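1. sequence unavailable; structure follows:
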């Protein structure tokens, strides 16, 4: 049996700092990024003196993501490994070249990976069938489907995905983990859509999750298909 296809459509790693002002001298950073292989477009200024770019700052398929007001630094791309590698290289360069004030700490770092994968172990089942079987016997989900079916829809309603997240907390916090897996919205496909978010105050933990994102997601799909 062939290995499942694993396609990332969007991935990002962004670090947010505890700081009053942006913790790096942005003008100097932008002046030196070309020496690190980054393509920096024409720079303009808004009325408040903030940086305004004519195009994204890029290095291959990876793009720089920063927000002076939110005190964030990060990258985004379409390959999780490449995005992680460039984030680590960029951060190491900026800290080595410009340093960080001793009073500046990481508020959190967030990794996100969005994409799709085909079915794995159960090639005879479609993703909607896998999800329905996984939820089968859960009385409250079945009762909720009957409630909705009887009030708004002509067809039976059931659970169409799985969303797991940090227990007992809301998402508006620096430590948060979440994975959503659902059948592709294109009818008749054998594809799952996924969205993995991992946020933590410890950057090393986030980088470890980013490095193993594919194994985490494919492992989760395998668990659903058992």
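-> Yes, it's here. Keep in mind the model is a prediction, meaning the values are calculated, not measured.
2. hey, let's count contacts and neighbours off CA atoms from now on
-> Noted.
3. helices and strands of this protein: which one has the lowest mean pLDDT?
-> Using mean pLDDT, DSSP states H and E, strand 51-53 stands out as the lowest-scoring helix or strand of the chain, at a mean of 70.
4. contacts for the next helix or strand after it, please.
-> Later in the chain than strand 51-53, the nearest helix or strand by DSSP states H and E is strand 58-59. For strand 58-59, contacts defined as CA atoms under 8 Å, 6 or more residues apart in numbering pick out 37, 38, 39, 40, 64.
5. what does stretch 89-102 give?
-> So stretch 89-102 is contacted by 23, 24, 25, 29 (CA under 8 Å, 6+ apart).
6. so, low pLDDT: which residues of the protein?
-> The chain contains residues with pLDDT under 70 at 1-4, 45-52, 54, 119-124, 187-188.
7. and the helices in it?
-> Assigned by DSSP state H, the helices in the chain fall at 26-32, 80-98, 127-135, 139-149, 203-211, 213-225.
8. do you know which of those lies nearest residue 196?
-> helix 213-225 (7.8 Å; CA to CA).
9. export the contacts of strand 58-59 as JSON lines, with columns for distance to residue 154 and neighbour count.
-> Formatted as JSON lines, the contacts of strand 58-59 follow (distance: CA to CA, whole Å; neighbours: other CA atoms under 10 Å):
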{"residue": "37", "distance to residue 154": "57", "neighbour count": "11"}
{"residue": "38", "distance to residue 154": "55", "neighbour count": "18"}
{"residue": "39", "distance to residue 154": "54", "neighbour count": "17"}
{"residue": "40", "distance to residue 154": "55", "neighbour count": "19"}
{"residue": "64", "distance to residue 154": "48", "neighbour count": "22"}
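10. in strands, which of those fall?
-> Secondary structure defined by DSSP state E assigns residue 64 of the contacts of strand 58-59 to strands.
11. what is the nearest of the contacts of strand 58-59 to residue 183?
-> residue 64 (31.2 Å).
12. now the closest one. Nearest residue, chain neighbours left out?
-> Spatial nearest neighbour of residue 64, excluding adjacent residues (CA to CA, 6 or more residues apart in numbering): residue 75 at 4.5 Å.
13. so who does the one you found touch?
-> When contacts are counted by CA under 8 Å, 6+ apart, residue 75 touches 12, 13, 14, 62, 63, 64, 65, 66, 83, 86, 87.
14. can I get these in CSV with distance to residue 164?
-> Output for the contacts of residue 75, formatted as CSV (distance: CA to CA, whole Å):
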residue, distance to residue 164
12, 20
13, 20
14, 22
62, 29
63, 29
64, 29
65, 27
66, 29
83, 24
86, 29
87, 27
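15. could you turn the buried ones of those residues into a ChimeraX selection?
-> The ChimeraX selection below is limited to those of those classed as buried (16 or more other CA atoms under 10 Å):
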select :12,13,14,62,63,64,65,66,83,86,87
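16. from the contacts of residue 75, pick the one nearest residue 161.
-> residue 12 (23.3 Å).
17. how far away is the nearest residue to the closest one once chain neighbours are set aside from residue 154?
-> For residue 12, ignoring the flanking residues on the chain, the nearest one in space by CA to CA, 6+ apart is residue 76 at 4.0 Å. The spacing between residue 76 and residue 154, counted by CA to CA, to the nearest Å, is 42 Å.
18. for the contacts of residue 75, which one is nearest residue 180?
-> The closest of the contacts of residue 75 to residue 180 turns out to be residue 12 (CA to CA; 16.5 Å).
19. what sits against that closest one?
-> Contacts of residue 12 by CA under 8 Å, 6+ apart are 74, 75, 76, 77, 80, 83, 110, 111, 112, 113.
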